[in-house]
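[1] compute the structure for the input listed below.
(2 chains, ligands or ions: 2)
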Amino acid sequence: MIKKTYEEINAKIRAGKAVVVTAEEVISMAREKGIEETAAKVDVVTTGTFGPMCSSGAFFNLGHTKPRMRMSRVFLNGVEAYAGVAAVDVYLGATQLPETDPANTNYPGEFNYGGAHVLEDLLAGKEVLLEAESYGTDCYPRKKFEKMIRLDDIPYALLFNPRNAYQNYNVGVNLSERTIYTYMGILKPNMGNANYSTAGQLSPLLNDPFYRTIGMGTKIFLGGGVGYVSWFGTQHSPEVLRGENGVPLSPAGTLAVMGDLKQMSPQWLRGISLIGYGVSLMVGVGIPIPILDEEMLRYTAVSDEDIFANVVDYSEAAPQGTGEPLGRVSYAQLKSGEITLGDRVIPTASLSSYLKAREIAEILKEWIKSGRFLLTKPVFTLPTTNEGINYREIV
Amino acid sequence: MKQKIVLHFPSMVTEQPFTYYLIKEYNLMVNILKANINPRKEGRMVVEVSGDSKNYQDGMEYLQSRGVKISPLEQEIVWLEDRCTQCGACVIICPVGALAMDRPEMKVTFTGEKCIVCEHCLKSCPARAMEVRY
Ligand code: SF4
Ligand code: SF4
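    Residues are numbered from 1 along each chain as shown, chains lettered A, B, ... in the order given. Ligands and ions are numbered 1, 2, ... in the order given. Presented below is the predicted three-dimensional model:
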């Protein structure tokens, strides 16, 4: 029986002796040497994912003006940030559009710019236009403020994403006769393509299916910098159907994550435009998984052949919230470039980048190996099965 | 007929209203795709001209007689590799496999020679990593 504690693993990291491998590398190691030997050898497995994660944004404290102002409406490059927080505290959501955006009036809309792009511009060091309005009070008399600002000028910037790193997701297809434009990308008629959006065997929560090591306070790679898991994410649903290996067969766990925006990079927080749908943010997340015992090694050794996703029709079933999945396919099939559904062979495409997910896992591996990134033991782990936490609909 | 062309203006003629004459005198539709014209400097304009072919010939002769050089448009699609997030959404959009996924590395590549400039990828690339250059 192998048992390692966080303290023991951190001591090895500090001494530069920890064995750290990516969630991809551990698969072949476990196949060659077996679970027990690999668990004894490996201390940390690093994961990664880089994909569109809508539920993201940042809290800013913009700093006080002279005379002072209780900002009640705030715009950054024309994109409104929610100002109902405090005098100069706002939250900029990644999917927020400028008020002038024609959205889908000229269907399918292009959605060239939004909150996510503002975040990317700030990180790239660009100037953005801050515009604020107020009704004025005795203590905050100022009613209008305009200034070109950079991220350096903003006193406080906290990336806070209420739902990231979905543990598994659907594969989107279109059963209808016309092309549809969805958050799963462009779906051609009559199942012309099947789109997915998960890093599979590299994806953080697919490597710790019951969240034994991930919870509040887990230190992670976030947007190119260091962040933390702050809570379980919105729509966290541990109770879904799982395979024999414990891996959920449909969207399940999620993470709320946060970190100082100023140490992140525009390479790993990228604004994107999903035609006909809207704006979203590509977020890079990487989580180190401590190999506390053989069970953790077995979980991290999961491979694309053993991770399955439901194929869902986005012309009817998904928007209406009805219907059964059309089938189930493995990530090995999805990544081969085509899936077979009944007698149909359907080409696949991804919205999240496997190549970049691997890069994140590699970066995190180097951080840990070099001793600059230690693991944190969560204050509590995320709610798992049989804890009464689940996704609910409002009907 | 409909033609995309590039007009080159020598510096002394940039202030003349050529598009106005093409429309009014030659009954042509002129759609300006890109223009780079500064007073008293050499200018360049990419236009799509459509109309009757006789009028088109006459219109072009008129431009040439005024010193405007005309060349066929060479449109080119460029892949801005550092803007590309390597998502792979384009591989089912590109009809000729100019944008393709190398498997199993899962690396997206662009082969310019295969591209037929259909422009489908321009708006379907979420990261706006595909651009058209004239
Ligand atoms: S869709 Fe755009 S960002 Fe994604 S792989 Fe293709 S070119 Fe790159
Ligand atoms: S313009 Fe058309 S052919 Fe060329 S890369 Fe884009 S989608 Fe492919």
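
[2] give the contact list for the residue lying closest to B:Gly51 once chain neighbours are set aside.
    Of all residues not flanking B:Gly51 in the chain, B:Leu28 sits nearest, at 4.0 Å (C-beta to C-beta, 6 or more residues apart in numbering or on different chains). The way it works is simple: take the backbone N, C-alpha and C, and place the C-beta from them, glycine included. If you count contacts by C-beta atoms under 8 Å, 6 or more residues apart in numbering or on different chains, B:Leu28 has them with B:22, B:49-51, B:55-56, B:59.

[3] filter the residues you listed down to the buried ones and hand me the ChimeraX line.
    To isolate the buried subset of the contacts of B:Leu28 in ChimeraX, counting by 16 or more other C-beta atoms under 10 Å in any protein chain shown, use the following:
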select /B:22,49,51,55,56,59
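
[4] export the contacts of B:Leu28 to CSV and tack on secondary structure, pLDDT and distance to A:Glu387?
    Output for the contacts of B:Leu28, formatted as CSV (DSSP: H, G, I helix; E, B strand; the rest coil; pLDDT from 0 to 100; distance: C-beta to C-beta, whole Å):
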residue, secondary structure, pLDDT, distance to A:Glu387
B:Leu22, helix, 88, 73
B:Val49, strand, 90, 68
B:Ser50, strand, 91, 66
B:Gly51, coil, 91, 72
B:Asn55, helix, 92, 76
B:Tyr56, helix, 92, 74
B:Gly59, helix, 91, 75
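
[5] export the contacts of B:Leu28 as a markdown table, with columns for distance to ligand 1.
    Below are the contacts of B:Leu28 laid out as a markdown table (distance: C-beta to the nearest ligand atom, whole Å):
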| residue | distance to ligand 1 |
| --- | --- |
| B:Leu22 | 37 |
| B:Val49 | 31 |
| B:Ser50 | 31 |
| B:Gly51 | 36 |
| B:Asn55 | 40 |
| B:Tyr56 | 36 |
| B:Gly59 | 38 |
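
[6] out of the contacts of B:Leu28, flag the one nearest to A:Asp313.
    Among those, B:Ser50 lies closest to A:Asp313 (C-beta to C-beta), at 41.4 Å.

[7] distance between the host helix or strand of A:Glu146 and the chain's centre?
    Assigned by DSSP states H and E, A:Glu146 falls within strand A:144-149. Chain-centre distance of strand A:144-149: 32 Å, with C-alpha atoms, centre = their mean, to the nearest Å.

[8] what does that strand contact?
    With contacts defined as C-beta under 8 Å, 6+ apart, strand A:144-149 is touched by A:62, A:65, A:69, A:71, A:127-134.

[9] could you report the neighbour count for residue 92?
    Unless you meant another one, I'm taking chain A. Using other C-beta atoms under 10 Å in any protein chain shown, A:Leu92 has 24 neighbouring residues.

[10] my question was about chain B, not that one.
    Neighbours around B:Ile92, by other C-beta under 10 Å: 24.

[11] how near is it to A:Ala194?
    Note on B:Ile92: its distance to A:Ala194, by C-beta to C-beta, to the nearest Å, is 9 Å.

[12] and the strands in chain B?
    Assigned strands in chain B, in chain order: B:2-9, B:29-36, B:43-50, B:69-72, B:76-79, B:99-102, B:107-110, B:130-133 (criterion: DSSP state E).

[13] want to throw these into JSON lines with distance to A:Ala83?
    Formatted as JSON lines, the strands of chain B follow (distance: least, C-beta to C-beta, whole Å):
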{"stretch": "strand B:2-9", "distance to A:Ala83": "47"}
{"stretch": "strand B:29-36", "distance to A:Ala83": "39"}
{"stretch": "strand B:43-50", "distance to A:Ala83": "43"}
{"stretch": "strand B:69-72", "distance to A:Ala83": "53"}
{"stretch": "strand B:76-79", "distance to A:Ala83": "40"}
{"stretch": "strand B:99-102", "distance to A:Ala83": "41"}
{"stretch": "strand B:107-110", "distance to A:Ala83": "40"}
{"stretch": "strand B:130-133", "distance to A:Ala83": "36"}
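
[14] so for A:Asn164, which of those strands sits nearest?
    Taking C-beta to C-beta, strand B:107-110 is the member of the strands of chain B nearest to A:Asn164, at 23.2 Å.
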